[in-house]
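Asks: just need the structure, nothing else, for what follows:
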Amino acid sequence: MNPVQRSSFGTALNRRSFLRYSALTGAALGGAGILAACGADAADTPGGSKPDGSKHGSVAIQLSWIKNIEFAGEYFADQKGYFKEAGFGSVDLIAGGAAATSVEAGLDTGKVWLGLSAPQTTAPAILEGLPAKIVATTFQKNPFCIVSSAGKPIKSPQEMKGRRIGVQDTNQLIFAALLAANGMQPGDVTIVPAQYDPTPLANGEVDGWVSYVTNEPITLAAKGFANTNFLFADFNLPLVAETLTVKQSTIDSERDKLKAFLVAEIKGWKDAVANPAEAARLAVEIYGKDQKLDLAEQTKEATAQNDLVVSADTKANGLFTMTEQLVEQNIAALRSAKIDIKAEQLFDLSVLREVYAENPGLM
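Replies: Now for the predicted structure:
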């Protein structure tokens, strides 16, 4: 089954579901067979080595979406041997998407060892009993934005008042959180139910469109539709994204293994940030080859997502890190979405701090 929803603009659209864990775990587990095949490590052999001779064995990593440019750092870590250097026999990157099980469900069943998710999906799962934590984040800002025509721009939530906004069903909650975080009510805008193809925006049927800043603005511009956008993160909803999430038992019992993985991830993402063109090539020609991705678009998206990965804080503290202020901003943003959770319930950044303390050359 191909989970990709394609638009008339010819690109795989990368949407994030804003669904609660209970709804996700009830979905059909279309990828369960694949996940089971590459799930938990095989039993340890005497002396602590794995059957494949590696220190940490093989692990399954659940991506949050299809294999496109969003996971460039993982591609580099795999291609350049950083995972093997860290002691892993193999790291199986499992594509997510509409037909796949959620990261949280995969962790719960033990089918995956680590997953890339988001606070708004992990927090409800934790509140419903999943013993898991976010240990790092790839994107310092979530990519959600409102894209609009350059001729009739919408530059802030307040400028949406009285306008027609296309909102996908899975993004209704995060859009409502954006309104609430900016003192607005749903009735202040005309919400138009939408799918993922932004053609209605290009046709003038709506004034604004919920999208990813790294996706629709680029594909629309490539087709000649001049546009502008504003990020949710810049207007009181500074949620991080592509968060690395593991079970609590991994933090407690496999701390060295987790640290080794994070070292490889950091190396991979440093390479991805430094070389967007090669990141795009890996996505198009190797990892996402079956998605028929466009190299020029993926290169532009790779460049655009660097602004989400790198910030003044990551330059000071290292990739994947979160300041205490950013953690608290995320907790407040979740509260706007009616998800009430404490920072210590959702985040454990101590492992990442140890990684940088033990490996100062990663900075």
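Asks: how about residue 89, secondary structure?
Replies: Following DSSP: H, G, I helix; E, B strand; the rest coil, the label given to residue 89 is strand.
Asks: helices of the stretch 251-363 of the chain, start to end?
Replies: Counting by DSSP state H, counting those that start in this stretch, one finds helices in the stretch 251-363 of the chain at the ranges 255-274, 276-281, 295-309, 312-317, 324-336, 343-346, 350-358.
Asks: nearest to residue 185 among these would be which one?
Replies: Across the helices of the stretch 251-363 of the chain, residue 185 has its closest neighbour in helix 324-336 (13.3 Å, Cβ to Cβ). Any C-beta I mention is one placed from the backbone N, CA and C, and that applies to glycine too.
Asks: now for that closest one, which elements pack on it?
Replies: Contacting helix 324-336 under the criterion 3 or more Cβ pairs under 8 Å, 6 or more residues apart in numbering; DSSP states H and E are the following elements: helix 119-127, helix 172-181, helix 343-346.
Asks: run the angle between the second one and helix 119-127 for me.
Replies: By that I understand helix 172-181. Our comparison of helix 172-181 with helix 119-127, counting by axes from the mean of the first three to the mean of the last three Cα atoms, to 10 degrees, yields an angle of 100 degrees.
Asks: check what pLDDT the most centrally placed residue in the chain gets.
Replies: The residue lying closest to the centre of the chain (Cα atoms, centre = their mean) is residue 242, at 2.6 Å. Model confidence at residue 242, expressed as pLDDT, equals 96.
Asks: ok, residue 48 next?
Replies: Per the predicted model, pLDDT is 48 at residue 48.
Asks: hmm, back to that, how about the helices of the stretch 251-363 of the chain, which one is nearest residue 120?
Replies: Among these, the nearest to residue 120 by Cβ to Cβ is helix 324-336 (6.5 Å).
Asks: that closest one - what's its average pLDDT?
Replies: So the average pLDDT for helix 324-336 ends up being 94.
Asks: can you give me the buried ones in it?
Replies: 326, 327, 329, 330, 331, 333, 334, 336 (16 or more other Cβ atoms under 10 Å).
Asks: same check, this time on stretch 93-111
Replies: For stretch 93-111, using 16+ other Cβ under 10 Å, the buried residues are 93-109, 111.
Asks: can you classify the closest residue to residue 202 other than its chain neighbours by secondary structure?
Replies: For residue 202, the nearest residue in space outside its immediate sequence neighbours is residue 225; the separation is 4.8 Å by Cβ to Cβ, 6 or more residues apart in numbering. Taken by three-state DSSP, the conformation at residue 225 corresponds to coil.
Asks: now for residue 225: which residues touch it?
Replies: In this structure, residue 225 makes contact with 149, 201, 202, judged by Cβ atoms under 8 Å, 6 or more residues apart in numbering.
Asks: adding distance to residue 55, write the helices of the stretch 251-363 of the chain out as CSV.
Replies: Listed next are the helices of the stretch 251-363 of the chain as CSV, based on distance: least, Cβ to Cβ, whole Å:
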stretch, distance to residue 55
helix 255-274, 8
helix 276-281, 28
helix 295-309, 28
helix 312-317, 28
helix 324-336, 31
helix 343-346, 30
helix 350-358, 16
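Asks: between those, which one is closest to residue 129.
Replies: Nearest to residue 129 among the helices of the stretch 251-363 of the chain is helix 343-346 (11.7 Å), distances taken as Cβ to Cβ.
Asks: just the CA atoms of the closest one, as CSV, please.
Replies: The C-alpha atoms that make up helix 343-346 are tabulated as CSV, following Å, rounded to 0.1, in the frame of the first residue of the first chain:
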residue,chain,number,x,y,z
ALA,A,343,7.7,19.0,31.6
GLU,A,344,9.2,16.2,33.6
GLN,A,345,6.5,13.8,32.4
LEU,A,346,7.2,14.5,28.8
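Asks: count of neighbours near residue 224?
Replies: If you count neighbours by other Cβ atoms under 10 Å, residue 224 ends up with 7.
Asks: local confidence estimate at residue 31?
Replies: Turning to residue 31, the model gives it a pLDDT of 34.
Asks: swap that for residue 271, sorry
Replies: Looking at residue 271, its pLDDT reads 98.
Asks: right, and it touches residue 80 too?
Replies: Yes. Using Cβ atoms under 8 Å, residue 271 is in contact with residue 80, at 6.7 Å.
Asks: these two: which has the busier surroundings?
Replies: When neighbours are counted by other Cβ under 10 Å, residue 271 and residue 80 differ, and residue 271 comes out ahead with 20 against 14.
Asks: and the more buried one, how far from residue 264?
Replies: Counting by Cβ to Cβ, to the nearest Å, the separation of residue 271 from residue 264 is 11 Å.
Asks: now residue 323
Replies: 24 Å.
Asks: what ranges do the strands span in the stretch 51-200 of the chain?
Replies: 57-62, 88-94, 114-117, 132-139, 144-149, 164-168, 190-194 (DSSP state E, counting those that start in this stretch).
Asks: now for residue 116: which residues touch it?
Replies: For residue 116, the residues meeting the contact criterion (Cβ under 8 Å, 6+ apart) are 61, 62, 63, 64, 71, 96, 103, 138, 242, 243, 244, 245.
Asks: format the residues you listed as TSV; extra columns: distance to residue 297.
Replies: What follows is the contacts of residue 116, written out as TSV (distance: Cβ to Cβ, whole Å):
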residue	distance to residue 297
61	25
62	25
63	19
64	19
71	16
96	20
103	26
138	20
242	19
243	25
244	26
245	28
